[in-house]
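Asks: sequence first, then the predicted structure, then my questions.
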Amino acid sequence: MAALTIGFLMDPLETVRVDHDSTFALMLEAQQRGHRVLYFEQGWLRFNGRCAEARMRHVTVRREPGRHFDVLDEAARPLSELDVLFLRKDPPVDAEFLHATQLVELCQGRKPVYINDPAGIRDANEKLFALRYPDLMPDTRITRELPVLLDFIARNEQGTILKPIDGFGGKGILFLSKGDRNARSAVELLTQGGREAVVAQAYIPESRLGDKRILLVDGEPVGGVLRVPSGDDHRGNMAAGGTPHKAVLTARDLEICERLKPELRKRGLLLVGIDVLGDYLTEVNVTSPTGLVEANHLDGVCVEARVLDVAERLAAERPSA
């Protein structure tokens with residue numbers, strides 16, 4: 001097909017770990033296919049009185065640590081010049097992040113293919129979206145009320161996991177056993193004294209063996225990683241020290257994927273990472289799902305190729321402006 005102009009809204013390219021970063025793998029795949037690769041940071045996005053534009057850098061990329069990109073040119077461009085726009089800004093999902101998801105929709109003429117759709121990202125909080133499928137999840141409560149949380153903790157024989165709604169990378173996740181003398185203090189700390197709601201979930205003992213990050217492209221599972229906690233830590237997140245291992249997808253895993261597929265497709269959530277503990281769905285990650293490079297190495301797949309296949313198809317199917 002003809003070369004496309006593909007943009008990446010992302011964190012600073014200088015900070016990328018070329019042997020690990022999923023966004024960088026997508027950039028390499030786009031370049032390998034002959035597409036023009038542009039990138040810009042959230043702070044470079046603006047509205048010019050007519051439409052959204054950004055100061056964009058046209059780059060070439062290579063897997064060489066410390067020398068992984070060259071800037072060919074830099075200029076302000078309207079987002080309508082892009083055929084595809086990857087929204088790959090890492091969390092936190094704060095006010096500025098949400099504002100950016102609205103700005104990128106303000107295109108004059110033909111809009112790019114968004115991966116993922118900005119409205120879909122806004123609607124699909126990574127902790128709350130899974131609540132649409134309560135039968136797939138561990139027993140869960142969302143509240144800021146201390147008595148409700150303390151009662152829930154007291155009733156879970158295997159223990160309870162507490163985590164902030166907008167947390168990421170394993171930050172702020174606590175395990176409390178039944179009868180834990182620190183329960184009240186932990187709840188007060190995490191809820192900011194009852195001012196912020198948190199997620200409380202019944203502890204799944206299988207989590208000691210690791211949690212699965214399953215990658216879905218256009219609703220279909222294409223690879224996965226088993227993230228095993230280190231030492232006596234209860235968190236499998238690789239950002240928290242977990243180690244990646246090969247994941248074998250079970251019938252239950254595939255059932256979960258199949259249940260989510262229609263809603264993900266409807267909302268334009270084309271690249272998604274779901275987290276599964278034992279037989280239970282715990283999170284649906286849509287902002288900047290990671291694990292592509294690890295899944296490639298462990299499963300012998302090329303997840304980014306599947307993503308670009310979808311991007312190219314949708315770009316070709318776009319109606320004329």
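Replies: Cool, the structure landed.
Asks: now the helices for the chain?
Replies: Taking DSSP state H, the helices of the chain run over residues 22-32, 95-103, 118-123, 146-155, 183-190, 251-266, 292-299, 303-317.
Asks: which one of those helices lies nearest to G223?
Replies: Among the helices of the chain, the nearest to G223 by C-beta to C-beta is helix 292-299 (3.3 Å). C-beta coordinates here come from the backbone N, C-alpha and C atoms, glycine included.
Asks: other residues contacting the closest one?
Replies: 19-22, 25-26, 213, 215, 222-225, 238, 244-247, 301-304 (C-beta atoms under 8 Å, 6 or more residues apart in numbering).
Asks: thinking again about what came up before, need the helices of the chain in CSV with distance to D275 and mean pLDDT, can you?
Replies: CSV is the format used below for these (distance: least, C-beta to C-beta, whole Å; pLDDT from 0 to 100):
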stretch, distance to D275, mean pLDDT
helix 22-32, 15, 99
helix 95-103, 20, 96
helix 118-123, 17, 97
helix 146-155, 21, 97
helix 183-190, 19, 95
helix 251-266, 10, 98
helix 292-299, 14, 96
helix 303-317, 16, 98
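Asks: among these, which is nearest Y203?
Replies: helix 146-155 (10.1 Å).
Asks: so what secondary structure elements neighbour that closest one?
Replies: In terms of contacts (3 or more C-beta pairs under 8 Å, 6 or more residues apart in numbering; DSSP states H and E), helix 146-155 is packed against strand 140-143, strand 160-164, helix 183-190, strand 198-202.
Asks: reformat those as TSV; add distance to C257 and mean neighbour count.
Replies: What follows is those, written out as TSV (distance: least, C-beta to C-beta, whole Å; neighbours: other C-beta atoms under 10 Å):
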stretch	distance to C257	mean neighbour count
strand 140-143	20	16
strand 160-164	23	22
helix 183-190	31	17
strand 198-202	20	22
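Asks: pull out the buried residues from stretch 82-95.
Replies: L82, D83, V84, L85, F86, L87, R88, K89, D90, V93 (16 or more other C-beta atoms under 10 Å).
Asks: hmm, back to that, buried among the contacts of helix 292-299? Make that a PyMOL selection.
Replies: Applying 16+ other C-beta under 10 Å to these, the buried members can be selected in PyMOL as follows:
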select buried, resi 21+22+25+26+213+215+222+223+224+225+238+244+245+247+301+302+303+304
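Asks: so which of the contacts of helix 292-299 belong to strands?
Replies: Using DSSP state E, the subset of the contacts of helix 292-299 located in strands is R213, L215, V222, G223, G224, V225, P244, H245, K246.
Asks: F152 against Q201, yeah?
Replies: No: the pair F152 / Q201 is not scored as a contact, 9.2 Å apart, by C-beta atoms under 8 Å.
Asks: show me what the mean pLDDT comes to for stretch 105-117.
Replies: Stretch 105-117 carries an average pLDDT of 95.
Asks: list the beta-bridge partners for the nearest residue in space to E283 that is not next to it in sequence.
Replies: Using C-beta to C-beta, 6 or more residues apart in numbering and skipping the chain neighbours, the partner closest in space to E283 is D275 (4.2 Å). D275 has these beta-bridge partners by DSSP bridges: R213, E283.
Asks: tell me how far D275 lies from A154.
Replies: For D275, the distance to A154 equals 26 Å [C-beta to C-beta, to the nearest Å].
Asks: that older thread, export the helices and strands packed on helix 146-155 to a markdown table and tack on distance to V104?
Replies: As requested, the helices and strands packed on helix 146-155 are exported to a markdown table (distance: least, C-beta to C-beta, whole Å):
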| stretch | distance to V104 |
| --- | --- |
| strand 140-143 | 29 |
| strand 160-164 | 26 |
| helix 183-190 | 32 |
| strand 198-202 | 28 |
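Asks: which residues of the stretch 1-150 of the chain fall in strands?
Replies: Along the stretch 1-150 of the chain, counting by DSSP state E, counting those that start in this stretch, strands occupy 5-10, 36-40, 45-47, 52-61, 69-78, 84-88, 113-115, 140-143.
Asks: other SSEs contacting the second one?
Replies: Right, strand 36-40. Strand 36-40 packs on strand 5-10, helix 22-32, strand 52-61, going by 3+ C-beta pairs under 8 Å, 6+ apart.
Asks: show me what the last one is packed against.
Replies: Judged by 3+ C-beta pairs under 8 Å, 6+ apart, strand 52-61 is in contact with strand 5-10, helix 22-32, strand 36-40, strand 45-47, strand 69-78.
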